[in-house]
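*Asks:* turn this into a structure:
(chains A and B)
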Number of protein chains: 2
Amino acid sequence: MSDYAAPIADMRFALDEIAGLGALARLGAYAQVTPDLVDAVLEGAATLAGEGLAPLNRSGDVEGCVLENGVVRTPNGFKDAYARYVEGGWNAIACDEDMGGQGLPRALATAVAEMWSSANMSFALCPMLTLSAVDLLGAYGTAEQKRLYLAKLASGEWTGAMNLTEPQAGSDLGALRARAVPDGDHFRVTGQKIFITYGEHDFTPNIVHLVLARLPDAPAGSQGISLFLVPKFLVGSDGSLGARNDVRCVSLEHKLGIHASPTCVMAFGDNGGATGWLVGEPHRGLHAMFTMMNRARLDVGLQGVAIAERAYQQARAFARTRVQGRPAGAAEDGAPILHHPDVKRMLLAMRASSEAARALAIYVAGETDRARHEPDADARARAQRRVDLLIPVVKAWSTEVGLEAASTNIQVHGGMGFIEETGAAQHFRDARIALIYEGTNGIQANDLVGRKLARDRGAAVRELVAEMEACGRELAAAGSEVAVLGASFAAAVAALAAASAALGDLHARDPAQALAGSAPYLKLTGVVAGGWLMARSALAAERRLARGEGDARFCRAKIATARFFAEHVLATAPALVPAILGGATVTGFDLELL
Amino acid sequence: MSDYAAPIADMRFALDEIAGLGALARLGAYAQVTPDLVDAVLEGAATLAGEGLAPLNRSGDVEGCVLENGVVRTPNGFKDAYARYVEGGWNAIACDEDMGGQGLPRALATAVAEMWSSANMSFALCPMLTLSAVDLLGAYGTAEQKRLYLAKLASGEWTGAMNLTEPQAGSDLGALRARAVPDGDHFRVTGQKIFITYGEHDFTPNIVHLVLARLPDAPAGSQGISLFLVPKFLVGSDGSLGARNDVRCVSLEHKLGIHASPTCVMAFGDNGGATGWLVGEPHRGLHAMFTMMNRARLDVGLQGVAIAERAYQQARAFARTRVQGRPAGAAEDGAPILHHPDVKRMLLAMRASSEAARALAIYVAGETDRARHEPDADARARAQRRVDLLIPVVKAWSTEVGLEAASTNIQVHGGMGFIEETGAAQHFRDARIALIYEGTNGIQANDLVGRKLARDRGAAVRELVAEMEACGRELAAAGSEVAVLGASFAAAVAALAAASAALGDLHARDPAQALAGSAPYLKLTGVVAGGWLMARSALAAERRLARGEGDARFCRAKIATARFFAEHVLATAPALVPAILGGATVTGFDLELL
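*Replies:* The predicted structure is shown next:
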């Protein structure tokens, strides 16, 4: 029996009530998305995740990956699981049909991707990066590049790897030094890249590296970076595999977590230069990278949701069986610890935050679908504004939710949680990376304030706040079980509105001070957005109960969970404002005194 | 060069201004505590911690402990470091003089103990547990037991181990099953104990186990548990070591962190019964354990302070040298990341919380000294009330501060933080256990509400709140740099007062609901207590500046740090009240829906 069961009911609820999957399906592009299809996709993915991937999670952590003579051996079972994943057609469910995909909405694919990461975060990183490569090549590849690579990447027959970071160029890609010199119809790429996830592995016969490097005539800094395609094996014009390219994995990192995911140091061109092809325009490599940034950041935020859900399920299972002490109000000893009020509080905290973060991820994914396929240009632009605003929030807030839940899972287990065999520690170790990669959470906060808030002078936030205020009016008119959320929600939305206006003004006067408040501002935005979607969920649950639709138990639990979120999380929102606007305390602190 | 330098200036400041070491020294018991002695103690400990223990921290994590044929081998260098620690007389600095100690105040010993845990948390656990054994034997041992064991434990020549937990008896010690049957002048002890820190090691020729077990006629539950002394080697009446006792380490746990600290499964009596002696009264073993509980919980809370400080120092050092990107307001690239506002914010968050938690630990330690040695009985009782109230807060809040800072340290390092070689990950792994052992943080919260708040109907909290309000009046009258703290402080103290009264009432009506709010209540108490001591520190710093006393740079930094704490931490206090008083949402949640 698997110890992970995908939360299909909650996913389905969020898809229907938060992402509006029904309305999405009425858009021309998603006419095939019937309720039966959605159920079949969710159930099929849940089976593979629960039975195929989750059982490999702990063994993968223990075994890790091994590098021998440039060959990376993944843990037992991973290669077979990957084959099963590809055979099931899972990699391409949201890829366009012209590359062999099923063209399903991103909202639905987001629910499915959560399952992969819950079941086995290390495994799921491989498809995640491949799909980023699909985005990049789909947008910037030549017709020939697409013909040779795109369908194989979309299906997962080959995988993609993103080669960005160098030791001196982490968050600051402008500092990178890898070079590419023209050589006939292609380029010779040289340099060393670090932190390359699945840069080498044994899943597939070929790996397609997308590599940032500088052309000989490149200007310094971030404006002089180009993007190259460097396959592990050269590919003939008939698609056959040819010579081994001059790219090798020279070491694997010893990491805190995600041990089953090989984090590679890649050497390009140690024997004269790796053969590569330019993707997109010269010097426009970073610009091209932005193409896949929103997707990748949504995917990483989703890892936070996924770990929170897995941690919640593990903690709940333990708390249902572990017997210790006499809970307050109980007549005698011998009850499972679930009955202790503080343990129950911890479980509800994990549940509430994972549901809120899931709703946010699925909501934003649905907006990406609308941004592509709404027939009306204004509606597309509006959806895109919402996506751009909330992507850094999904990435940073949800990964913090995931880490917090993983930590709480250890706490529920007590001493057993600190013992590696229990498995709780692994989720805690794995969860930590998601706050760092794909743009650190600090960079997300800077993006939210410095770009998203400042660039349009708060217009996108005001648009969101107006929708939240409308929800607040619905709450006020709702039944008493739901209306109780109204006061904390109204205060939180007012705090978001006021903080956004004041922080925008501050940014115009003193960008450094505003950025010093960006992390608490991002937290405020996440908390209020999560509270908004929990409030909308509670309203929807109340409507279903009133109509006698759906699962009444589920609806009652949703309303109670929303109330917990309001008291424990949303209520804290207004208190973040002094930190958000207190940037002068940070920037004014004498560095010599630190 | 060591990568840890003990924060002597801040420790000295907290000792003088928060614990009132000068007044303590005027108590008869501490007449020897001159300023010169304090400096010598702090500087001597800082040298051993920085040069002797800190360099072994990472190697100890990597090597871990090894069990072979019942013998535990600690990592290279640990045995020698322990010998140096004992030779320096460090173990006994706060032990009474009649057992060979120096009888220094606990407040001073607390600063010193922070250094050991900052330098090497795994190492420091061994003396921590030995000193708990000293407390227990000192309070309950017979004259003969004291004669044979006490001086050797106080000096550290032998170590002590606390054998409490069994697989079915963790937080609920009433469920334990180990047995002890009378056999002449001693007992035969049988049973298995788990999670025994330093239950076996190679530091010293003997280990003194204190073991909880049941006598044959013991009542069920927690009222039928007795305490036994079981030495690894039997001790002759002349103090010589005799036969090996029937107690063995049968396995070591594979843990998330503190790898250099052996966490043992101990088997007592596999060959007929371990020879043990009753300590204290039959069936009063748990009562005896309470003797050392306050000390042990203070020590564990101090581990949180220690990790926060070490993490802060590591993050600061990295941020001063790592160059990435162009900070807001900077003219060009190439500045260390310390100049990025969000990185600076992270450093200040670590600094502010570690200083606040340090002040709280040293304050409470000073109150334990007063509770022992104030000449006036009322003053002693008042100090003891303060200690009893705040001990669960020191334990739980400070360990959460420590984990948070360790996590932030990883974040400051970015991708490098996730690589084990960096060492940041170790602090994060090590820090996690402190929220669990010595009573989980949930148990601390239950203790704070169910015992400390409910038992005296809030009297001890009101006494504390009254002192805080007096401090608030001082703030209002202070210079503008410090007075700015007044508003958030006043609101926070008011929230603590109101929440305490309401939660006490709730506990009288519905204990389960009150306990469901106990964790956020403990957090509120920690935040407000930390804010109080930071405010007092800022006032003291302002006084020193006005008088031209001391280090003006230190005083200015203290005031600025207090301001940061007020905006980023203290300001959040009132927002915790809905969760504190929202227990009905937790207890009312249908368990079937969870």
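
*Asks:* and the helices in the stretch 351-500 of chain A?
*Replies:* Remark: helices assigned in the stretch 351-500 of chain A by DSSP state H, counting those that start in this stretch are A:377-413, A:424-432, A:441-446, A:454-455, A:459-476, A:480-483, A:486-509.

*Asks:* just name the most buried of those.
*Replies:* helix A:424-432 (a mean of 27; mean count of other Cβ atoms under 10 Å in any protein chain shown). C-betas here are computed from N, CA, C, even on glycine.

*Asks:* tell me the angle of that one relative to helix B:424-432?
*Replies:* 140 degrees (axes from the mean of the first three to the mean of the last three Cα atoms, to 10 degrees).

*Asks:* what is helix A:424-432 packed up against?
*Replies:* Using 3 or more Cβ pairs under 8 Å, 6 or more residues apart in numbering or on different chains; DSSP states H and E, the elements in contact with helix A:424-432 are helix A:57-63, helix A:285-321, helix A:377-413, helix B:424-432.

*Asks:* can I get stretch A:574-589 in PDB, CA atoms only?
*Replies:* Output in PDB follows, covering the C-alpha atoms of stretch A:574-589 (Å, rounded to 0.1, in the frame of the first residue of the first chain):
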ATOM      1  CA  PRO A 574      -2.100  43.500   8.900                       C
ATOM      2  CA  ALA A 575       0.800  43.000  11.400                       C
ATOM      3  CA  LEU A 576       3.200  42.700   8.500                       C
ATOM      4  CA  VAL A 577       2.800  46.300   7.500                       C
ATOM      5  CA  PRO A 578       5.400  47.800   9.900                       C
ATOM      6  CA  ALA A 579       8.100  45.500   8.400                       C
ATOM      7  CA  ILE A 580       7.000  46.200   4.900                       C
ATOM      8  CA  LEU A 581       7.300  50.000   5.300                       C
ATOM      9  CA  GLY A 582      10.200  49.900   7.800                       C
ATOM     10  CA  GLY A 583      12.900  49.600   5.100                       C
ATOM     11  CA  ALA A 584      14.700  52.700   6.500                       C
ATOM     12  CA  THR A 585      15.600  50.700   9.600                       C
ATOM     13  CA  VAL A 586      17.300  48.100   7.300                       C
ATOM     14  CA  THR A 587      19.000  50.400   4.900                       C
ATOM     15  CA  GLY A 588      19.900  52.800   7.600                       C
ATOM     16  CA  PHE A 589      21.700  50.200   9.700                       C
END
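
*Asks:* would you confirm that A:Met115 contacts A:Ala46?
*Replies:* Yes: A:Met115 lies in contact with A:Ala46 (Cβ atoms under 8 Å); the separation is 6.1 Å.

*Asks:* what is in contact with these two at once?
*Replies:* Residues touching both A:Met115 and A:Ala46 (Cβ atoms under 8 Å, 6 or more residues apart in numbering or on different chains) are A:Ala6.

*Asks:* need the helices and strands packed on helix A:424-432 in a markdown table with distance to A:Ile93 and mean pLDDT, can you?
*Replies:* Below are the helices and strands packed on helix A:424-432 laid out as a markdown table (distance: least, Cβ to Cβ, whole Å; pLDDT from 0 to 100):
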| stretch | distance to A:Ile93 | mean pLDDT |
| --- | --- | --- |
| helix A:57-63 | 22 | 98 |
| helix A:285-321 | 14 | 96 |
| helix A:377-413 | 20 | 98 |
| helix B:424-432 | 35 | 98 |
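
*Asks:* contact partners of stretch A:102-110?
*Replies:* Where contact means Cβ under 8 Å, 6+ apart, the residues beyond stretch A:102-110 that reach it are A:15, A:19, A:21, A:24-25, A:29-30, A:32-33, A:38, A:41-42, A:89, A:92-97, A:298, A:302, A:361-362, A:365-366, A:368-369.

*Asks:* same deal with stretch A:40-50?
*Replies:* A:2, A:4-6, A:8, A:11-12, A:84-85, A:88, A:90, A:93, A:104, A:108, A:111-112, A:115-116, A:118-120.

*Asks:* how does it look with 10 Å?
*Replies:* Around stretch A:40-50, the neighbours that count as contacts under Cβ atoms under 10 Å, 6 or more residues apart in numbering or on different chains are A:1-9, A:11-12, A:15, A:33-34, A:53-54, A:81, A:84-85, A:88-90, A:93, A:102, A:104, A:108-109, A:111-120, A:123-124, A:306.
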